[in-house]
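Chemist: I'd like to go over a predicted model; first the sequence, then the structure.
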Amino acid sequence: MSDWLMSVPAFIVAIGILVAVHEYGHFWVARRMGVKVLRYSIGFGTRIWGFTGRRSGVEYWLSAIPLGGYVKMLDEREGAVAESEKPYAFNRQHPAKRIAIVAAGPGVNFLFAILAYWFVFMIGVAGIKPVIGPVADGTLAAASGLQARDEIVAIDDRAVGDWQELRLTLLDRGLDGDPITLDVARPDAGRRSITIDLSSAPSDPEALFERLGLAPYQPPATPRIAGVVDDSPAARAGLESGDDVTAIDGRALDSPQALVDYVQARPGERVELDVTRDGERLTLPVTLARVDGDDGEPRGQLGARIGVDAAAWDAMRTTRQLGPLAAIPAAVDKTWEVSALTVRLMARMVTGDVSWRNVSGPIQIANIAGQTASVGLEAFVGFLALVSVSLAVLNLLPVPVLDGGHLLYYSIEWIRGRPLSEAVQVAGQQAGMVALLMLMTLAFYNDILRLLG
């Protein structure tokens, strides 16, 4: 419950900021193009607060449903317009002006992402060094000769500063399926180059990293309970946040992953956890839940978030911090990289190379918003940048009801010299609405599956 007390407000703040930015793009350009704006609303549905501009007459609303927003412009298709005001109606504008107004929403989202990444680089990006843990037999990493505690410092001559950069770069290269060259630093053995052929690697993110066999190195540290899910095996056994789990079934634990692996390998079984709480040693019996994993195989589940004493990870932490000028190109590059990767992943979902399970909805976004907000300002702003890019790319899809669909219609009108017939536009709007509803249903379905483990 405490997680959601952070997640819900963080979600509302995040969506409110991103929607305000997106809609302000439409609003600002519309007014510069001479179109009369009637309302600027953050949220849908009933107005819960607002005011009317004295000079402009624009209604500024904060509405009840915080899942979007809109800019209402004077338009003859939506009601009667006085003869004197018809030159200011949206539908009377040249297609080029309408294109500019519609494109401004996603465009400002891209600009916001650049600004957010610039801010993040300025205050410093915290991360974990790209040092790999034990390499499983039969994986691409094992076949290439990678070993535990190797640090991947570059991929194809591109520097890698932390695990997030490593994951994004490998995911991008994995979509190409070409061989990659890793620049690897090994303790007491200097640096060397290792080539991995990704032609047989799957495009799906989770499957890709499982095939590669790469996971972060975890320094020896006692696993710590970072949170307990209500009505879970952990909660029923009496586990509490802050408990240090020193052993399971009498086996000493030296990393969070060791605990996770042991639990997942024993679905439905009863285990005993040796726990230290406020200096007191406790033994707690737990009957693990039985859930299906992504591969359909049953896995054990404890129902707790596993962390570690922060001091154990100090040597693994890294921070990238840039000056005001150096942060500008870095922010632009980051925004471009995330945008391009988002487009490529969407395309691979259409072809079936990437699972639709990767689609997330409001529940998952709220969960991540809460997690990043609890970590700190840098993590939350970075999350806003990522979602802003996703919002921009999604809106540019050529689907009627989205900005991209309107851009398609207005571009065709500009080329033809006349708009498409009303019947064609209505049919497109209906098809677009069905597609959007199907996507939203899938996103909620995936979110619910994640909540259920």
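Modeler: Structure's in. What do you need?
Chemist: what about Asp254, neighbour count?
Modeler: Residues lying near Asp254 (other CB atoms under 10 Å) number 15. Quick note: C-beta positions are derived from backbone N, CA and C, even for glycine.
Chemist: what's the pLDDT at it?
Modeler: At Asp254, the model reports a pLDDT of 80.
Chemist: is it true that it lies in a strand?
Modeler: No - counting by DSSP: H, G, I helix; E, B strand; the rest coil, Asp254 is not found in a strand; it is coil.
Chemist: in contact with it, which residues?
Modeler: 220-222 (CB atoms under 8 Å, 6 or more residues apart in numbering).
Chemist: how about 10 Å then?
Modeler: Residues in contact with Asp254 (CB atoms under 10 Å, 6 or more residues apart in numbering) are 218-223, 246, 312.
Chemist: quick check: which ranges of the stretch 51-200 of the chain have low pLDDT?
Modeler: Within the stretch 51-200 of the chain, no stretch has pLDDT under 70.
Chemist: can you show me the strands along it?
Modeler: Residue ranges of the strands in the stretch 51-200 of the chain, as given by DSSP state E, counting those that start in this stretch, are 59-73, 125-128, 151-155, 158-159, 180-186, 190-196.
Chemist: hang on, the earlier thing: any quick ChimeraX command for the buried ones out of the contacts of Asp254?
Modeler: Here is the ChimeraX command that picks out the buried ones among the contacts of Asp254, judged by 16 or more other CB atoms under 10 Å:
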select :218,221,222,223,312
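Chemist: show me which of the contacts of Asp254 is closest to Ile415.
Modeler: Within these, proximity to Ile415 (CB to CB) peaks at Gln218, which comes in at 57.6 Å.
Chemist: which residues sit in contact with that closest one?
Modeler: 128, 131, 133-134, 254-258, 308, 312-313, 316.
Chemist: try it again at 7 Å.
Modeler: Gln218 is in contact with 133, 255-257, counting by CB atoms under 7 Å, 6 or more residues apart in numbering.
Chemist: farthest-separated two in these?
Modeler: Using CB to CB, the contacts of Gln218 span at most 11.3 Å, a distance reached by Gly133 and Pro256.
Chemist: which of those two has more neighbours?
Modeler: Between Gly133 and Pro256, counted using other CB under 10 Å, Pro256 has the larger neighbour count: 20 against 17.
Chemist: for Leu273, see how far away that one is.
Modeler: Distance, Pro256 to Leu273, using CB to CB, to the nearest Å: 13 Å.
Chemist: kindly report the same for Gln430.
Modeler: According to CB to CB, Gln430 and Leu273 sit 55 Å apart.
Chemist: neighbour count winner among these two?
Modeler: More crowded of Gln430 and Leu273, by other CB under 10 Å: Leu273, with 25 against 12.
Chemist: how about that one, phi and psi?
Modeler: phi -100, psi 130 (degrees, to the nearest 10).
Chemist: that one contacts Gly250, doesn't it?
Modeler: No - using CB atoms under 7 Å, Leu273 is not in contact with Gly250; the gap is 10.5 Å.
Chemist: got the buried residues for stretch 58-69?
Modeler: Within stretch 58-69, the residues scored as buried using 16+ other CB under 10 Å are 58-63, 66, 68-69.
Chemist: chain center to that stretch, what's the gap?
Modeler: How far stretch 58-69 lies from its chain's middle: 24 Å, per CA atoms, centre = their mean, to the nearest Å.
Chemist: output it as CSV, nothing but the C-alphas.
Modeler: The C-alpha trace of stretch 58-69 is given here as CSV (Å, rounded to 0.1, in the frame of the first residue of the first chain):
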residue,chain,number,x,y,z
VAL,A,58,-9.5,31.3,-23.3
GLU,A,59,-10.8,28.9,-20.7
TYR,A,60,-8.0,27.2,-18.7
TRP,A,61,-9.3,24.0,-17.1
LEU,A,62,-8.0,21.3,-14.8
SER,A,63,-10.4,18.4,-15.4
ALA,A,64,-11.2,15.3,-13.4
ILE,A,65,-9.7,12.5,-15.5
PRO,A,66,-5.8,12.9,-15.5
LEU,A,67,-5.2,10.7,-18.5
GLY,A,68,-4.7,13.3,-21.2
GLY,A,69,-5.8,16.7,-22.2
